[in-house]
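>>> Next one to model:
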Amino acid sequence: MGTISIPNEFEPRPYQKDMFDSIIRGKHRVTSIVMARRHGKDLVALNAVAVRALSEVMTVWYILPYKDQVNGSIWSMIISKKAKKLLEWVFPLEVRKKTHENRMVITLVNGSEIHFKGGDNPDALVGSAPKLIVLSEAGLMRRAVYDLLRPIVLENGGNIVLISTVRGKNWFWNMIQSPSTNNKVYNVTIDDAGNFTPEEIEEELQECINTMGEDDGRAFFEQEYRNNPSATRVGSYYGSLLFKYEDNWREMVEGEKVYAAWDMGMNDTMVITLYQVVKGDVIVVGFIDGVGKTVDAYLPLIPYKIEKHFVPHDANQVRGYVSSKSAAEVLRGEGCAVSVLPKTKSVIDDINLVRSELGRIWFASRSIALREKLKEYSKKYDAVNKVYLDQPKHDQYSDYADSFRYMVISLKEIEKVKVEYKPMVYSESDWQG
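I've put the predicted structure just below:
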């Protein structure tokens with residue numbers, strides 16, 4: 001058997017060298033790598049893991065957003081130019097003691113273990129404490145995954161590595177806005193890496209447009225290749241329309257009634273959208289969110305007198321998080337006017353209703369964060385067939401989108417009859433920001 005060198009037939013490109021060194025030496029508590037598609041973010045991370053895990057006995061967790069994604073994207077991926085599996089190239093059989101196919105774990109000759117996991121169920125991320133964690137496509141994961149794992153790995157004196165393209169202005173984007181000695185940030189786009197000529201970049205953009213259409217193609221290119229957080233998320237239900245109506249900013253109108261639309265949750269996020277209906281337009285004046293509180297605990301957090309609370313159909317049922325009473329009963333017991341919305345016949349129809357109403361919906365300064373979350377509400381992605389399904393993806397944005405959807409459904413009752421949409425005319429002093 002011949003000798004083998006690690007990394008195996010891999011030489012970091014100039015823009016990869018510093019990040020590669022950061023991982024293998026554990027220079028920073030957190031290393032955040034924002035890298036354009038087709039620029040080797042997983043390849044540089046996996047090879048760095050191989051070097052580090054062979055230099056020191058440790059447990060490594062390599063986590064992708066979804067468990068069913070791990071097998072096709074990492075564990076069983078074939079690299080055609082190498083005529084072998086990706087992980088057989090990065091972790092050759094010569095450096096392995098054992099491969100656990102069912103558990104997707106590689107044990108190296110020095111006793112180190114590399115575990116490949118999905119991040120869609122944070123509570124299932126248990127086992128021996130890792131010294132190094134890599135979150136691949138961190139921008140697609142819930143913040144809860146990072147919050148759960150960070151203290152575990154840091155308690156062991158270890159490191160956590162986040163690699164991703166951007167996915168809007170979410171928690172990952174917020175993190176990379178604050179680089180520090182404990183959070184080293186690398187940002188590599190297709191324009192500054194030097195892998196492609198300007199002509200090849202233009203060809204790549206055109207290929208995206210030809211495959212996905214003008215709007216989605218450009219949005220995909222800006223998001224995946226230029227790390228643009230403001231690009232419309234591909235597959236987003238509301239992103240392109242919110243971009244179209246990006247000038248719909250308006251503060252609340254003093255003296256007008258305020259309504260509240262609730263999405264109920266105890267383990268999931270409770271979201272309350274606060275809004276006014278003025279001259280045929282809707283002004284979203286703010287929102288309240290939280291986890292683990294009873295319904296009545298949210299009422300003191302609402303800064304306005306509420307004309308009526310709109311709640312989903314299941315708010316009439318007895319729910320454990322409101323003791324022996326239903327959510328609707330608790331609200332009524334607190335003196336609130338409550339309307340229970342009918343059960344949704346089709347979520348897709350309701351989403352289309354929201355899309356049709358977005359032109360007359362305005363956002364106040366207190367609802368800016370809600371608007372950003374709505375941009376991220378998107379369709380499920382079929383990773384096998386590489387297509388978006390016309391089904392909502394349940395993630396950290398779903399509860400906000402549900403509350404917003406209930407707000408739109410409530411307009412029928414508030415307005416009694418459908419009001420023909422006529423854009424409001426505001427004076428210059430009405431505009432904010």
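
>>> which phi and psi does the residue nearest the centre of the chain have?
The centroid of the chain falls nearest to Leu140 when counting by C-alpha atoms, centre = their mean (4.3 Å). When quoted as degrees, to the nearest 10, the phi and psi of Leu140 stand at phi -100, psi 0.

>>> Can you pull out the residues in contact with the helix or strand hosting Leu162?
According to DSSP states H and E, Leu162 maps onto strand 159-164. The contact list for strand 159-164 (C-beta atoms under 8 Å, 6 or more residues apart in numbering) reads 23, 26, 28-35, 41-42, 45, 131-140, 146, 149-150, 153-154, 172, 175. C-beta here means a position set from N, CA and C on the backbone, and glycine is covered the same way.

>>> Just checking: what are the partner strands of that strand?
Next to strand 159-164 in the sheet, as set by DSSP bridges, lie strand 30-35 (parallel), strand 132-136 (parallel).

>>> That one: what's the following helix or strand?
As the chain continues past strand 159-164, the following element, by DSSP H and E, is helix 171-176.

>>> Give me the distance from that following helix to the chain's centre.
11 Å (C-alpha atoms, centre = their mean, to the nearest Å).

>>> pLDDT of that helix, averaged?
Confidence over helix 171-176 (mean pLDDT, whole number) is 87.

>>> Report the mean per-residue pLDDT for the next helix-or-strand element following it.
Counting by DSSP H and E, the element after helix 171-176 in chain order, helix or strand, is strand 183-188. Averaging pLDDT along strand 183-188 gives 93.

>>> Report the buried residues of strand 183-188.
183-186, 188 (16 or more other C-beta atoms under 10 Å).

>>> Can you tell me which of those is nearest Lys293?
Ranked by distance to Lys293 (C-beta to C-beta), those are led by Asn183 at 30.6 Å.

>>> Not counting residues beside it along the chain, what's closest to the closest one?
In this structure, Asn183 finds its nearest non-sequential neighbour in Val30, 4.4 Å apart by C-beta to C-beta, 6 or more residues apart in numbering.

>>> May I ask you to confirm that the one you found is in contact with Pro179?
No: contact criterion C-beta atoms under 8 Å: Val30 and Pro179 do not qualify, at 9.7 Å.

>>> Could you check which of these two is surrounded by more residues?
Neighbour comparison, Val30 and Pro179: the larger count goes to Val30, with 19 against 15 (by other C-beta atoms under 10 Å).

>>> Show the pLDDT at that one.
At Val30, pLDDT is 93.

>>> how near is it to Gly111?
Separation of Val30 from Gly111 (C-beta to C-beta, to the nearest Å): 26 Å.

>>> How about Val285?
58 Å.

>>> ditto for Leu205
47 Å.

>>> of the two, who's got more company?
Neighbours were tallied for Leu205 and for Gly111 using other C-beta under 10 Å; the higher tally belongs to Leu205 (18 against 11).

>>> burial of the residue lying closest to that one once chain neighbours are set aside, as a residue count?
Leaving aside its sequence neighbours, Leu205 sits nearest to Phe221 (C-beta to C-beta, 6+ apart; 4.9 Å). Using other C-beta under 10 Å, Phe221 is surrounded by 24 other residues.
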